[in-house]
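Q: Here is my input; please provide its structure:
(chains A and B)
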Amino acid sequence: MKKPTPKKPSARAVLARLFGASATGIAIEKSVLTGYAMVDGAKVCVIGTCDGTYIDNEAALRLAAHVIQCIERQPKTPIIMLVDSAGQEPNRVAEMLGLASYFGHLLSCLELARRKGHKLITVATGQAVGGAFLCYGMFADRIYALDSASVGLMPIAAMSAVTKIPAPVLEKLSKTMPSLEFGAAPFALLGGVEEVWSAEDDVQAKLAQALANSSTEDNRAELGKKRGGRKLALDIRQKVLAESAR
Amino acid sequence: MTGAILFHELTARQRIAAIADKGSFDELLPPPERITSPYLAQLGIPVSFDDGIVIGHARIGGKKVYLAAQVGPFVGGAVGEIHGAKLTGLFKAAARDKIPCVLIVESGGVRLHEGSSGEIAIAETMRAIFECRALKVPTIAVIATDIGAYGGIGILSTCCDFRVMTEHGRLGISGPIVIEKWMGKKAYDSANRALVWKTSGGKTKYLLGDADALVHDTADAVRDGISRFLGKSSAVSLTAVKARQKELEKRLKKFGAATDPDAVWNGMGVRNIEAASLASGPEFVALAKRGK
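A: So this is what the prediction gives:
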């Protein structure tokens, strides 16, 4: 695992920025976050990852257990999901045990929470890439990102290494196709992030606002079209819906 | 119906034709509409008029279903913006019309050439799948080829109510080549087919309970497997997720330190590994049960 660069705020500093003094109610164990905190005077449940950790079978279970506990003991309490994870570590035993099913289980727990009236808000605080983002963060009602977060499928260098397409070609194309660009801002253009929060923003106020504006209606395709980063998804989906209704 | 041809050898459209009632399949956004990926075009990569996924409605045993089949030979069945939007739309249509939705999976996950768009599309489709589940509209993933269900599509498959697999099918997130690169050949030799299939193949997934049916590698058997679940749904309830939490905790405790997949087979009640390796579909199921 890479050591955080000195510029990067510590996990505790990020939590304090988001939740003030109430951040002490969040436990960090093996870079997995679970606990409760306050947003604008109201209790919220917090789950997440920090330090760009790998999320494995055990981490998924611990996050799921906390969601279940929240559903049982704190009905309708909003759940804030923080994402700073490099994804799943390629591992044979994890695969043999069915890591995909562990992630599917975590998603099912979150879905149950949503159906039972818990609002789900994600804040990408660090790395939010590939499977790590898909297995809980991207499942929220609304998704936000700090502008310092690394959001997206993968950086262009990695994309180039796998697809064998020269990086300069991808770089050039990414200027007109934000889907190929890596980062919170281009991800927001695709509708994948509702809003990017900057270093100057009062993120506690932003979080309170996010909870107030939350909706269970998935608006990402609409946003992607409106912002011009993902022009086709909504129209294709609507075409399927229209043609199948005939 | 398809004679001696195995299900995994068929093309996506042949698979659909072989499991749907004769002449019942009606394709949505069919190839003549020529909806192709602008990303691949810009990169100078051949495009496909269906963007690697066939969707439509059909009947199976007289029951109306929405049906999708991914096209593995086209960029590994990977999910780009259009491919993903077709999939999201289909599950949303299934929720709207309260008609079961069956996905014949053949995909390595997100199409890297299209970057984050495919990733978001998978997340949107997951939401649409759970929309179906909340309405008790059955969602079924069929995983029956060696391309299987990997990456984001592996995770997405586990969101469906049920998974029908053949021994050919593989379900996971990271594929063997990626793991070998990461852990070394000693830890995982991706050329060791027996090990690869025992790690991610249908038999192991069935034993662990991640596949709900293990069927022969024929269209008839796959259709029968799907039919078993068309009238059912698996509720996302507190009781269900608590039971699943316990089961997954137990699995991790029991097999988390196992390096040999045979330990999983033994631990899940298979007495004769060699006989079980040669057994197919329901024969394997019977052997596994017998050992318990």
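
Q: what stretches of chain B score poorly on pLDDT?
A: Confidence mapping of chain B against pLDDT under 70 gives the ranges B:1-3, B:290-292.

Q: partner residues bridging the spatially most central residue of it?
A: For chain B, the residue nearest the mean C-alpha position is B:Ile143 (3.2 Å; Cα atoms, centre = their mean). According to DSSP bridges, the partner residues bridging B:Ile143 are B:Val105, B:Met165.

Q: In contact with it, which residues?
A: Listed by Cβ atoms under 8 Å, 6 or more residues apart in numbering or on different chains, the contact set of B:Ile143 reads B:Val105, B:Ala149, B:Ser157, B:Arg163, B:Val164, B:Met165, B:Thr166, B:Gly169, B:Arg170, B:Leu171, B:Gly202, B:Ala211. In short, each C-beta sits where N, CA and C put it, glycine included.

Q: rerun at 10 Å
A: Residues in contact with B:Ile143 (Cβ atoms under 10 Å, 6 or more residues apart in numbering or on different chains) are B:103-107, B:149, B:153-154, B:157, B:163-166, B:168-171, B:201-202, B:205, B:210-211.

Q: Next step: those restricted to helices.
A: With helices identified by DSSP state H, the entries of those that belong to them are B:Ile153, B:Gly154, B:Ser157, B:Gly202, B:Lys205.

Q: Max pairwise distance over those: which two?
A: B:Ile153 and B:Gly202 (15.7 Å; Cβ to Cβ).

Q: Would you mind pulling up the elements that the helix or strand where B:Gln14 lies packs against?
A: Remark: B:Gln14 resides in helix B:12-19, with elements defined by DSSP states H and E. Packing partners of helix B:12-19 (3 or more Cβ pairs under 10 Å, 6 or more residues apart in numbering or on different chains; DSSP states H and E): strand B:53-60, strand B:63-70, strand B:101-105, helix B:219-229.

Q: Next SSE downstream of that helix?
A: The helix or strand immediately downstream of helix B:12-19 is strand B:26-28, counting by DSSP H and E.

Q: Do you know the pLDDT at the closest residue to A:Ser160 other than its chain neighbours?
A: Spatial nearest neighbour of A:Ser160, excluding adjacent residues (Cβ to Cβ, 6 or more residues apart in numbering or on different chains): A:Ala167 at 4.1 Å. Looking at A:Ala167, its pLDDT reads 95.

Q: neighbours of A:Ala167, just the number please.
A: By the measure other Cβ atoms under 10 Å in any protein chain shown, the count of residues near A:Ala167 is 14.

Q: residues touching it, list them.
A: A:Pro155, A:Ile156, A:Ala157, A:Ala158, A:Met159, A:Ser160, A:Ala161.

Q: just checking, which of the residues you listed belong to strands?
A: When strands are assigned by DSSP state E, not one member of these lies inside them.

Q: In helices only, show me those.
A: In helices, judged by DSSP H, the following of the contacts of A:Ala167 are found: A:Ile156, A:Ala157, A:Ala158, A:Met159, A:Ser160, A:Ala161.

Q: Tell me, how many residues neighbour residue 114?
A: You didn't pick a chain, so chain A it is. Count around A:Arg114 with other Cβ under 10 Å applied: 20.

Q: right idea, wrong chain: chain B
A: Using other Cβ under 10 Å, B:Glu114 has 29 neighbouring residues.

Q: Look up how far A:Ser108 lies from the residue of the stretch 101-250 of chain B found nearest chain A.
A: With Cβ to the nearest Cβ as the measure, B:Thr158 is the residue of the stretch 101-250 of chain B nearest to chain A, at 2.8 Å. Taking Cβ to Cβ, to the nearest Å as the measure, B:Thr158 falls 9 Å from A:Ser108.

Q: cool, and A:Gly191?
A: Taking Cβ to Cβ, one finds A:Gly191 at 24 Å from A:Ser108.

Q: next one: B:Gly202
A: As for B:Gly202, its distance to A:Ser108 is 22 Å (criterion: Cβ to Cβ).

Q: Can you pick out the residue with more neighbours from the two?
A: Taking B:Gly202 and A:Ser108 together and counting by other Cβ under 10 Å, B:Gly202 has the greater number of neighbours (28 against 23).

Q: I'd say that one and B:Thr166 touch.
A: Yes. Using Cβ atoms under 10 Å, B:Gly202 is in contact with B:Thr166, at 5.4 Å.
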